[in-house]
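A.B. asks: below are the sequence and a predicted model; questions follow.
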Amino acid sequence: MSKLTDQIKALQEVSSELEPSEKRRQEYLTQVGQYAGEFISQLDEKVTFSNEKATPDAMALKPHKQSLSDLLDLYDREVAAKGIKPASGGHLGYIPGGGIYTSAIADYLVDVTNEYVGINYSCPAGVAIEHELLDWMMDIFGYPRSSVGNLASGGSIANLIALTAARDKHGIKNEKIRNSVIYLSPQVHHCINKALKIIGLEDVQIRYVELDSFHRIDTSDLEGKIKIDKKEGLHPFLIIASAGTTDTGAIDPMDRIADLAEEHNLWLHIDAAYGGYFVLVDSVKEKFKGIERSDSLVVDPHKGLFLPYGLGAVLVKDKEAVYHSHVYRANYMQDAVAEESPVHPADVSPELTKHFRSLRMWLPLQLHGIEPFKACLEEKLLLTRYFREGLLKLGFKLGPEPDLSVSYFWYPAEDENTFNRALLKSIHEDGRVFLSSTVIDGKFVIRMAILAFRTKLETIDKALNMVETHLKDLLSKH
Ligand SMILES: Cc1ncc(COP(=O)(O)O)c(C=O)c1O
């Protein structure tokens with residue numbers, strides 16, 4: 001045998017470790033399945049937040065092989081037991097979602113089959129699944145089917161894609177940048193500010209529009225600002241509104257904003273990353289009026305459809321505007337992209353190779369149907385009301401009636417900010433339920449964001465009970 005084949009065989013012996021036997025695969029699956037089962041069934045008994053620090057040494061890569069059971073123990077001790085637990089129903093901070101189990105099943109399948117869904121030719125059915133989901137979203141938001149869309153890794157990248165399209169549609173580059181104007185709410189998510197910097201629009205004129213008492217964009221202020229800017233020879237080109245702000249859950253008056261965008265020929269982008277799927281709930285559907293008139297929108301299945309982290313969607317009406325920055329053809333891909341239809345996901349995104357993330361949304365929708373998702377969303381709206389009513393009875397002051405399921409509260413003590421900060425600290429030390437905080441008009445407030453699919457009536461009762469205990473404790477010390 002040649003030296004070369006000997007060498008190859010020797011390497012093969014070592015590398016074959018990467019393909020475990022069927023028996024070993026089953027053992028792995030059983031162990032992970034058991035761990036996942038126990039993790040889920042114990043979620044309610046465990047804390048949602050622990051501020052215990054990680055032990056970085058424990059996570060160090062070892063020079064020798066580890067067993068899966070040891071690694072699962074380590075995972076449980078270090079990853080699952082520390083920090084904020086997004087899978088828990090007690091996660092009422094930031095924007096939770098929970099992470100439904102059937103998405104995890106889809107991810108397993110995706111990783112084993114490792115389909116390539118950046119271009120149509122490589123996995124036509126996988127790309128068709130992405131298009132099916134995008135078409136469904138176009139329908140629920142009243143977008144024409146001629147729009148394009150993309151399943152990105154989250155809301156930040158989805159917003160980046162939409163804002164790039166707005167920039168390219170209006171040709172905002174070179175000397176035009178400094179004279180161009182963007183209008184947005186001070187409550188807009190900070191990923192918008194990041195995206196504008198990333199796409200070279202750091203030096204545009206940003207106008208923060210005034211808000212009404214519900215934290216929604218004040219459209220007369222918006223109109224006034226656009227008119228002044230035009231009069232001064234500036235170039236207004238983009239309005240960014242939100243359908244569900246992160247801090248206060250407010251839905252901006254999109255229909256009126258769309259009137260202004262049309263009248264002044266501005267691109268209207270809606271960030272509905274958090275709130276968008278509430279459009280499925282009849283009782284609040286009307287609040288989304290006007291969203292269908294926007295030029296682009298973002299909605300996150302890993303928030304409002306309770307998927308595990310890793311899926312945000314963007315829809316854009318003007319395909320050419322998106323193609324301008326995203327379509328590239330490399331020689332080595334000449335066979336792969338010969339067919340231009342249906343749209344290649346890689347032509348609507350900075351990603352070429354991408355995770356086959358559509359399956360984690362498609363499989364649950366097929367397995368469960370849409371009704372449980374709608375019920376879960378409506379349930380969250382009612383739980384928000386229930387939580388607020390309970391807090392009111394405990395003597396808390398509440399932020400304005402929220403449009404959706406994010407709200408805030410504070411206790412009207414002397415030295416309010418210090419008192420409420422101390423209250424939240426005790427709540428965090430307790431950890432059974434996790435709440436976050438924000439600053440509204442200079443005031444420190446405690447914030448609730450009710451969106452995790454595992455948040456139930458019992459969770460809110462637990463939260464109220466916990467808040468009451470810590471409130472009483474704190475009051476007794478004052
Ligand atoms: C309204 C809104 N937009 C955008 C984002 C950013 O999304 P992601 O964290 O998925 O990148 C968030 C995250 O909470 C959000 O609430």
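C.D. replies: Ah, there it is. Because the structure is predicted, anything quoted here is derived from the model rather than measured. Residues are numbered from 1 along each chain as shown.
A.B. asks: quick check: residues of the stretch 201-350 of the chain near the ligand?
C.D. replies: Contacts of the stretch 201-350 of the chain with the ligand, taken as Cβ under 6 Å from any ligand atom, map to Ser242, Thr246, Asp271, Ala273, Tyr274, Asp300, Gly312. Using the backbone N, CA and C atoms, a C-beta is placed for each residue, glycine as well.
A.B. asks: show me what the last one bridges to in the sheet.
C.D. replies: In this structure, Gly312 has the following beta-bridge partners (DSSP bridges): Ala152.
A.B. asks: element containing Ser242, please.
C.D. replies: When secondary structure is defined by DSSP states H and E, Ser242 falls within strand 235-242.
A.B. asks: against which helices or strands is that strand packed?
C.D. replies: Secondary structure elements in contact with strand 235-242, counted by 3 or more Cβ pairs under 8 Å, 6 or more residues apart in numbering; DSSP states H and E, are helix 155-169, strand 180-184, helix 219-231, helix 254-263, strand 267-271.
A.B. asks: what are the phi and psi angles of Phe373?
C.D. replies: Comment: the main-chain dihedrals of Phe373 come out as phi -70, psi -40, following degrees, to the nearest 10.
A.B. asks: for it, which non-adjacent residue is closest in space?
C.D. replies: Once its chain neighbours are removed from consideration, Phe373 has its nearest residue in Leu305; the separation is 5.9 Å (Cβ to Cβ, 6 or more residues apart in numbering).
A.B. asks: so the one you found is in contact with Met361, correct?
C.D. replies: Yes - under the contact definition of Cβ atoms under 8 Å, Leu305 touches Met361, with a separation of 6.5 Å.
A.B. asks: who's in contact with the closest residue in space to Arg167 that isn't next to it in sequence?
C.D. replies: The spatially closest residue to Arg167, leaving aside those adjacent along the chain, is Ile199, at 5.7 Å (Cβ to Cβ, 6+ apart). Neighbouring residues of Ile199 by Cβ atoms under 8 Å, 6 or more residues apart in numbering: Leu160, Leu163, Thr164, Arg167.
A.B. asks: now the residues of the stretch 201-350 of the chain next to the ligand in CSV, with neighbour count, pLDDT and distance to Gly83?
C.D. replies: As requested, those are exported to CSV (neighbours: other Cβ atoms under 10 Å; pLDDT from 0 to 100; distance: Cβ to Cβ, whole Å):
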residue, neighbour count, pLDDT, distance to Gly83
Ser242, 31, 98, 27
Thr246, 24, 93, 20
Asp271, 31, 98, 26
Ala273, 29, 98, 22
Tyr274, 28, 98, 21
Asp300, 27, 98, 21
Gly312, 26, 98, 22
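A.B. asks: for whichever strand or helix holds Arg25, packing partners?
C.D. replies: Assessed by DSSP H and E, Arg25 sits inside helix 22-42. Using 3+ Cβ pairs under 8 Å, 6+ apart, the elements in contact with helix 22-42 are helix 68-74, helix 101-113.
A.B. asks: following element in sequence after that helix, please.
C.D. replies: Elements were assigned by DSSP H and E; along the chain past helix 22-42, the next helix or strand is strand 49-50.
A.B. asks: how about stretch 145-161: buried residues?
C.D. replies: Residues of stretch 145-161 classed as buried under the neighbour-count rule (16 or more other Cβ atoms under 10 Å) are 147-161.
A.B. asks: ok, the residue nearest to Arg167 to Val112 distance?
C.D. replies: Per Cβ to Cβ, to the nearest Å, Ile199 is found 36 Å from Val112.
A.B. asks: try His189
C.D. replies: 35 Å.
A.B. asks: check Arg447 too.
C.D. replies: Going from Arg447 to Val112 by Cβ to Cβ gives 40 Å.
A.B. asks: again, but for Gly90
C.D. replies: Between Gly90 and Val112 the distance is 32 Å, computed by Cβ to Cβ.
A.B. asks: what about the two, which has more around it?
C.D. replies: Counted by other Cβ atoms under 10 Å, Gly90 and Val112 do not tie: Gly90 has more neighbours, with 28 against 9.
A.B. asks: give me the number of residues near Lys289?
C.D. replies: The number of residues near Lys289, taken as other Cβ under 10 Å, comes to 16.
A.B. asks: and Val127, by the same measure?
C.D. replies: Neighbours around Val127, by other Cβ under 10 Å: 24.
A.B. asks: list the contacts for Leu72?
C.D. replies: Contacts were defined as Cβ under 8 Å, 6+ apart; by that measure Leu72 touches Gln31, Val32, Tyr35.
A.B. asks: ok so, going back, so for the ligand, which of the helices and strands packed on helix 22-42 sits nearest?
C.D. replies: Evaluated with Cβ to the nearest ligand atom, the helices and strands packed on helix 22-42 place helix 101-113 nearest to the ligand, the distance being 15.0 Å.
A.B. asks: now stretch 52-66, how far from the chain's geometric center?
C.D. replies: Between the mean C-alpha location of stretch 52-66 and the chain-wide mean there is a distance of 30 Å, by Cα atoms, centre = their mean, to the nearest Å.
A.B. asks: likewise stretch 381-397?
C.D. replies: With Cα atoms, centre = their mean as the basis, the distance from the averaged C-alpha position of stretch 381-397 to the chain average is 25 Å.
A.B. asks: which positions within that stretch qualify as buried?
C.D. replies: So stretch 381-397, judged by 16+ other Cβ under 10 Å, has buried residues Leu381, Leu383, Thr384, Phe387, Arg388, Gly390, Leu391, Phe396.
A.B. asks: the last one reaches Tyr411, doesn't it?
C.D. replies: Looking back up the chat, that one is Phe396. Yes - under the criterion of Cβ under 8 Å, Phe396 makes contact with Tyr411 at 5.5 Å.
A.B. asks: Met448 - that's part of a strand, no?
C.D. replies: Yes - under DSSP: H, G, I helix; E, B strand; the rest coil, Met448 falls within a strand.
A.B. asks: what residues does it make contact with?
C.D. replies: Met448 makes contact with Leu92, Gly93, Thr384, Phe387, Val406, Ser407, Tyr408, Phe409, Leu435, according to Cβ under 8 Å, 6+ apart.
A.B. asks: ok, and the closest non-adjacent residue to it?
C.D. replies: Setting aside the residues directly before and after it, Met448 is nearest to Leu92 in space (Cβ to Cβ, 6+ apart), at 5.0 Å.
A.B. asks: quick check: the one you found vs Glu468, distance?
C.D. replies: If you measure Leu92 against Glu468 using Cβ to Cβ, the figure is 15 Å.
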